[in-house]
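In: No sequence on hand, only this structure:
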């Protein structure tokens, strides 16, 4: 049996067309973008064209797009800059954020640079918008609100416009981790009231090690890294040229084929949910899987038994890749902080299946068949 890859929320396969776009910058176009001769000018042009492409697709200004090493760096930067440069002294976040946000907030709180609080969650895992407004209204210091656009484990999607409007009303800074939505949903940063968003290339068939930080033009922050004039004096260090070219190409392809690909993937998700419901009546699904939810993610809650305890391990033996939570923490077997926050039932086991344009219904059938024997 060939390997079935159902962990696309962790990372996706590099698209062949993206690889082809990157190859010249790994071979012939090797110049340093900061050099003034033609070799350098070629790569400088490639970086700036990539920036324009990304800005056009997200409806932002090219000067608002900064290339980073990925979502984690972008999240860290937005939070650090909000405290250091924008006067934020209280951070409102949620218990289901990615650790790239949670651990960063925790760090600054422990250092006594800020206080922090969690917004309440509704039973389906969505953010309680009324509680967010209560906290913003009661805050005595300037707030940073950092809430992810879509949850990487259960797939719930935030009403980013509603949160942005609240932040505007209470003069708060708004950062959204959009790692699961850039390249999967049409974002319009001219219309959405947000100060910072983070994106990551490897979540939509681009390369690993490259991401973006969008910084709204009305926000003035100090450099993220000192020591050079790259990224308009904001992030020193020679640019990851082939990564940047790959990011832009992957985003271009994703936006071009978004409608048909999202339809295909949503159909796979719905099909798998139906098949599982019919095959294993005792299972359930985590999050708002039928409502405001990522079309790429299905988080399944299995009843715990001696057999299911080893489920991920047994799936792996059978060449099926799925995960129990965020890939960034899977080395530490502490279970998922997201699942704990929404349903602390020790008798259930959560497994995340996440899909891409390369997956098929036949693969879903094989996985469901295998799961019925394993559970």
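Out: Sure thing, it's come through. Predicted model only: the values in this text are computed from it and were never measured.

In: any idea how far residue 226 is from residue 103?
Out: Distance, residue 226 to residue 103, by Cβ to Cβ, to the nearest Å: 23 Å. Every C-beta, even on glycine, is put in place using the N, C-alpha and C of the backbone.

In: same deal with residue 339?
Out: 18 Å.

In: Among the two, which residue is more densely surrounded?
Out: Legend: neighbour count by other Cβ atoms under 10 Å for residue 339 and residue 103, higher for residue 339 (24 against 13).

In: So what touches the helix or strand bottoming out on mean pLDDT in the chain?
Out: Lowest on mean pLDDT, DSSP states H and E among the helices and strands of the chain sits helix 306-309, with a mean of 80. Contact with helix 306-309 is made by 302, 349, 374-375, as judged by Cβ atoms under 8 Å, 6 or more residues apart in numbering.

In: between these, which is nearest residue 168?
Out: If you rank the contacts of helix 306-309 by distance to residue 168 using Cβ to Cβ, residue 349 comes first, at 41.3 Å.

In: What residues does that closest one make contact with?
Out: Counting by Cβ under 8 Å, 6+ apart, the residues that residue 349 touches are 301-304, 308-309, 311, 324.

In: Same check on residue 44?
Out: Counting by Cβ under 8 Å, 6+ apart, residue 44 has contacts 33-34.

In: What's the per-residue pLDDT of it here?
Out: We have a pLDDT of 97 for residue 44.

In: now swap in the one 3 residues further on and tell me
Out: Looking at residue 47, its pLDDT reads 98.

In: which SSE is it in?
Out: helix 38-58 (DSSP states H and E).

In: Could you look up the next helix or strand downstream of that helix?
Out: strand 65-68.

In: Give the partner strands of that following strand in its sheet and their orientations.
Out: strand 211-215 (antiparallel) (DSSP bridges).

In: before we move on, back to that, tilt between the helix holding residue 47 and strand 211-215?
Out: 60 degrees (axes from the mean of the first three to the mean of the last three Cα atoms, to 10 degrees).

In: Helix 38-58: how far from the chain's middle?
Out: How far helix 38-58 lies from its chain's middle: 23 Å, per Cα atoms, centre = their mean, to the nearest Å.

In: Can you get me a residue count around residue 38?
Out: Neighbours around residue 38, by other Cβ under 10 Å: 8.

In: and it, what does it touch?
Out: residue 31.

In: and what of residue 188?
Out: 58-59.

In: Ok, residue 297 next?
Out: Counting by Cβ under 8 Å, 6+ apart, residue 297 has contacts 9, 151-155, 180, 269, 352-354.

In: any idea of the pLDDT on the residue lying closest to it once chain neighbours are set aside?
Out: Closest residue in space to residue 297, ignoring its immediate chain neighbours: residue 155 at 3.5 Å, by Cβ to Cβ, 6 or more residues apart in numbering. Residue 155 carries a pLDDT value of 98.

In: okay but residue 155 is in contact with residue 293, surely?
Out: Yes. Applying Cβ atoms under 8 Å as the test, residue 155 and residue 293 come out as touching, 4.3 Å apart.

In: Which residue of those two possesses the greater neighbour count?
Out: Between residue 155 and residue 293, residue 155 has the larger neighbour count (other Cβ under 10 Å), namely 27 against 24.

In: Distance-wise, check the closest residue to residue 226 other than its chain neighbours relative to residue 276.
Out: In this structure, residue 226 finds its nearest non-sequential neighbour in residue 236, 5.7 Å apart by Cβ to Cβ, 6+ apart. Here the criterion is Cβ to Cβ. By it, residue 236 lies 49 Å from residue 276.

In: Could you check which of these two has the larger neighbour count?
Out: Neighbour count, other Cβ under 10 Å: between residue 236 and residue 276, residue 276 has more, with 23 against 14.

In: which residues are contacting the host helix or strand of the more buried one?
Out: Taking DSSP H and E as the definition, residue 276 sits inside helix 258-279. Helix 258-279 has contacts (Cβ under 8 Å, 6+ apart) with 184-186, 254, 283, 285, 289-290, 295-298, 300, 353, 355-357, 359-361, 364-365, 367-368, 371-372.

In: Please apply the same query to stretch 105-123.
Out: Under Cβ under 8 Å, 6+ apart, the answer for stretch 105-123 is 79-80, 83, 88-96, 127-128, 131-132, 135, 141, 144, 146-147, 341-342.

In: if you set the cut-off to 7 Å instead, what comes out?
Out: 79, 83, 88-96, 127-128, 131-132, 135, 341-342 (Cβ atoms under 7 Å, 6 or more residues apart in numbering).

In: Mind jotting down where the strands sit in the stretch 151-300 of the chain?
Out: For the stretch 151-300 of the chain, applying DSSP state E, counting those that start in this stretch gives strands covering 173-177, 196-200, 211-215, 284-285, 297-303.

In: circling back to that earlier point, just checking, which of the contacts of helix 258-279 belong to helices?
Out: If you go by DSSP state H, the contacts of helix 258-279 have 254, 361, 364-365, 367-368, 371-372 in helices.

In: Can you give me the domain boundaries for this protein?
Out: Domain assignment of the chain by automatic domain parsing yields the ranges 4-12+258-374, 16-256.

In: Now the weakest link among those domains, please, by mean pLDDT.
Out: When I compare the domains of the chain, domain 4-12+258-374 is least confident, with a mean of 91.
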